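In: Return atomic coordinates for the entry below.
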Amino acid sequence: MKKAIFLMLLNGCIFTLERARTIPPGSYAAYSEISCAGWYTILKEMEGYPYYTYCFGAKLLGIKYGFSEKRELTMEAMGNGWQVGVKQEIFSSPSFCFSLKPSCGYFGFPEPEGKRKMVGLSIIEEFTLKKTSIYLGMGGFYFLPDTTVIWDIRFTNGIGLYHLLADFTGLKLEAGYMGHIMGGEESLGNVGYFYLSFGVEMGWGEK
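Out: So this is what the prediction gives:
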């Protein structure tokens, strides 16, 4: 019986369209994010894998709830599973905000032979400047599949923008490059690709 351990670490600087400020207590926000990547790079390096293998980053539907001052609960249905998290503002001022968002979830990674099931954990740091936000994040995912031994170190570098339209409703756009350094039994090898992500957030509730 093979020992199954899958380690994925997200490392580097990410500039994206996410904002660090939490929504007000008693308020809700729904959001969705569509991601696409450099398909040529993926298909060339991962021939035989389903075309949607790297769509797992897409957030089909997310819900935020502000359950206390400077703290919110997030629940996300993703392309390959689901995850829940809690975002906590650590420091904030009228023009700057810093927050942490630990989250965990359950995922399935599509492969030619089927789907590998995983449990994930991530921690992301977020920075916001005024109403138009820049996101700077570092974090990691730790996955426990049920088949083979693989490890994956992920490096992500992107740039994007979140524009606040009204209260806690806004649009986000992100583009960047993601590279993987992989190893272990039946490893996919090292792969990398460019990606583009677009999202929208709509909030309602108490102000």
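In: Please pull out the lowest mean pLDDT helix or strand from the protein.
Out: Ranked by mean pLDDT, DSSP states H and E, the weakest helix or strand in the chain is strand 6-11, scoring a mean of 31.
In: Low-confidence regions, the protein specifically.
Out: Of all residues in the chain, those with pLDDT under 70 make up the ranges 1-20, 36-58, 79-80, 95, 107-164, 166-168, 176-193, 205-207.
In: change it to 90
Out: 1-64, 67-70, 74-207 (pLDDT under 90).
In: quick one, what contacts I63?
Out: Contacts for I63 (CB atoms under 8 Å, 6 or more residues apart in numbering) come out as 28-30, 74-76. To be clear about C-beta, it is placed using only N, CA and C from the backbone, and glycine gets the same treatment.
In: how about a cut-off of 6 Å?
Out: I63 makes contacts with 30, 75, as judged by CB atoms under 6 Å, 6 or more residues apart in numbering.
In: quick one: strands adjacent to the host helix or strand of it?
Out: Here I63 is covered by strand 59-68, with elements defined by DSSP states H and E. Strand pairing for strand 59-68, determined by DSSP bridges: strand 27-37 (antiparallel), strand 71-78 (antiparallel).
In: Now the ones you listed in TSV, please, with extra columns for mean neighbour count.
Out: Below are the strands paired with strand 59-68 laid out as TSV (neighbours: other CB atoms under 10 Å):
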stretch	mean neighbour count
strand 27-37	18
strand 71-78	18
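In: how about the CA coordinates for the strand holding I63, as PDB?
Out: Extracted as PDB, the C-alpha positions of strand 59-68 are listed here (Å, rounded to 0.1, in the frame of the first residue of the first chain):
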ATOM      1  CA  LYS A  59     -14.500  30.200  -7.600                       C
ATOM      2  CA  LEU A  60     -17.900  29.300  -8.900                       C
ATOM      3  CA  LEU A  61     -19.800  30.900  -6.000                       C
ATOM      4  CA  GLY A  62     -18.500  32.500  -2.800                       C
ATOM      5  CA  ILE A  63     -20.400  33.900   0.200                       C
ATOM      6  CA  LYS A  64     -19.000  36.300   2.800                       C
ATOM      7  CA  TYR A  65     -20.700  37.100   6.100                       C
ATOM      8  CA  GLY A  66     -19.400  39.800   8.500                       C
ATOM      9  CA  PHE A  67     -20.000  38.200  11.900                       C
ATOM     10  CA  SER A  68     -18.000  40.600  14.000                       C
END
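In: quick one: buried residues of that strand?
Out: By 16 or more other CB atoms under 10 Å, the buried positions in strand 59-68 come out as 59, 62, 64-66.
In: residues near P94, how many?
Out: The tally of other residues near P94 (other CB atoms under 10 Å) stands at 6.
In: Which helix or which strand is home to it?
Out: Applying DSSP H and E, one finds P94 in no helix or strand.
In: what bridges to the nearest residue in space to L60 that is not next to it in sequence?
Out: Spatial nearest neighbour of L60, excluding adjacent residues (CB to CB, 6 or more residues apart in numbering): A77 at 4.9 Å. Beta bridges link A77 to L61, W82, judged by DSSP bridges.
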